[in-house]
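Participant: Provided below are the primary sequence and the corresponding predicted coordinates.
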Amino acid sequence: MQKFKISTKGFTDIIDITLDVEKVVEESKVKNGICLVSSPGSTCGITTIEYEPGLIEDLKRVLDKIAPMTKDYEHCKKWGDCNGYAHVRSALINPFLVVSLENGRLALGTWQQIVFLDFDNRPRNRDIMVKIINATT
Amino acid sequence: MQKFKISTKGFTDIIDITLDVEKVVEESKVKNGICLVSSPGSTCGITTIEYEPGLIEDLKRVLDKIAPMTKDYEHCKKWGDCNGYAHVRSALINPFLVVSLENGRLALGTWQQIVFLDFDNRPRNRDIMVKIINATT
Amino acid sequence: MQKFKISTKGFTDIIDITLDVEKVVEESKVKNGICLVSSPGSTCGITTIEYEPGLIEDLKRVLDKIAPMTKDYEHCKKWGDCNGYAHVRSALINPFLVVSLENGRLALGTWQQIVFLDFDNRPRNRDIMVKIINATT
């Protein structure tokens, strides 16, 4: 099973997906390799952060500063589609992540979780894809 | 064929390269895997965004805010090379992207295109490299 | 050998690790493939930039603007752990990089070096992992 689904609230909802990814890695039985976690979409992101409420708030605040959640985007003016901030955040954060696999496990730090960020301006159902590949050496 | 060339106008010229990458994917006949799209260079980036003029403008505006196109960079003061903003943008955006392959196709969202961004302060010819790898599971 | 260690001064210490990565690539004898460079941790980053003192200063200044090194983070208020800026920068920059291998070498531009960024607010010892994979086509 290389896929799973999540439901989000949108508006930069940040969800910890580490355990779901870990499950796919374990089932693959690959010991030494890499793992691509990605989601098809232009208004979402995948990254790593320590998943605690304070930092989640901090990350949202910095993203609000970089690309504020206003209607002052050409995407909104031209198309009436007022999630321009969401597209720009997605282009900056990217909806993919590659993690090293060591001894059959995700090589993450103790305080490093894999998170999905839904920037869109409405709740969404999202597909997360996990691809696992053996290292050559 | 794992490479193609593009010509850019520089100054954060943003070019849709999705079809070029898709062609390489199709020729590979790999059904289930990953695809690395990258470009050697320190003043460019590769990311995904909905390729429509409004959002292209929006992304440029946010990048102008993060790393303005001024001469106020040490790179310019020390070397007279006044594309410091371009190097900084490249370090933030990165000139690589990894996409999942599903059923022999790039697993992108409907509104998600692969774009090359040339931040340099002059027109450039650029090499884009595409590496394709079978998934193990 | 797929790992090496570095010592950093923290506080956005930026270290050129290109030669260390190149050594692992050479030893692998892989000619056509990809290379994942990553580090487990939630307060560090890996990216590419021209490694000259001016640009290193410029990059630090832009990061200081995006996520200032202050105590004004919820992470600090809630936990007394005042490296909130470091976690946020790591979520934006990401502690991983994928590079194309061409003819057994890292396909980097002339002025493009691989750098490790330690955002933490103290000196650290860090593990860098390098995974190398043959391309399918």
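Facilitator: Perfect, I can see it now. Numbering: from 1, shown residues only, chains lettered A, B, ... in the order given.

Participant: and the longest strand for chain A?
Facilitator: strand A:124-134 (DSSP state E).

Participant: can you list the residues of chain A near chain B?
Facilitator: A:2, A:27-30, A:33, A:36, A:38, A:40-42, A:66-67, A:73-79, A:84, A:87-88, A:90-92, A:94-96, A:98, A:129, A:131-134 (Cβ under 8 Å from any Cβ of the partner chain). (Glycine included, C-beta is placed from N, CA and C.)

Participant: in ChimeraX, how would I select the buried members of those?
Facilitator: The buried subset of the residues of chain A next to chain B, as determined by 16 or more other Cβ atoms under 10 Å in any protein chain shown, is captured in ChimeraX by this line:
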select /A:2,28,30,33,36,38,40,41,42,66,67,73,74,75,76,84,87,88,90,91,92,94,95,96,98,129,131,132,133,134
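
Participant: what's the helix or strand for A:S100?
Facilitator: strand A:96-102 (DSSP states H and E).

Participant: now for that strand, which elements pack on it?
Facilitator: Applying 3 or more Cβ pairs under 8 Å, 6 or more residues apart in numbering or on different chains; DSSP states H and E, one finds that strand A:96-102 contacts strand A:33-38, strand A:44-49, strand B:96-102, strand C:33-38, strand C:96-102, strand C:124-134.

Participant: between those, which one is closest to B:W111.
Facilitator: Nearest to B:W111, of all the helices and strands packed on strand A:96-102, is strand A:44-49, at 11.5 Å by Cβ to Cβ.

Participant: partner strands of the closest one, parallel or antiparallel?
Facilitator: Its sheet considered, strand A:44-49 pairs with strand A:113-118 (antiparallel) by DSSP bridges.

Participant: contact partners of the partner strand?
Facilitator: A:6, A:8-18, A:21, A:37, A:39, A:43-51, A:89, A:93, A:97, A:99, A:106, A:108, A:124, A:126, A:128 (Cβ atoms under 8 Å, 6 or more residues apart in numbering or on different chains).

Participant: ok, stretch A:61-81 next?
Facilitator: A:11-12, A:82-85, A:87-89, A:92, A:121, B:50, B:52-55, B:57-58, B:62, B:65-66, C:66-67, C:88, C:92.

Participant: rounded mean pLDDT for that stretch, please.
Facilitator: Stretch A:61-81 carries an average pLDDT of 95.

Participant: before we move on, what about stretch A:125-135?
Facilitator: pLDDT averaged over stretch A:125-135 gives 97.

Participant: using CSV, write out every CA atom in it.
Facilitator: C-alpha atoms of stretch A:125-135 as CSV (Å, rounded to 0.1, in the frame of the first residue of the first chain):
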residue,chain,number,x,y,z
ASN,A,125,-9.4,15.5,1.1
ARG,A,126,-5.9,14.8,0.1
ASP,A,127,-3.9,11.8,-1.3
ILE,A,128,-0.4,11.2,0.1
MET,A,129,1.9,9.0,-2.0
VAL,A,130,4.9,7.2,-0.6
LYS,A,131,7.5,5.7,-2.9
ILE,A,132,10.3,3.6,-1.5
ILE,A,133,13.6,2.8,-3.3
ASN,A,134,16.5,0.6,-2.4
ALA,A,135,19.9,2.4,-2.2
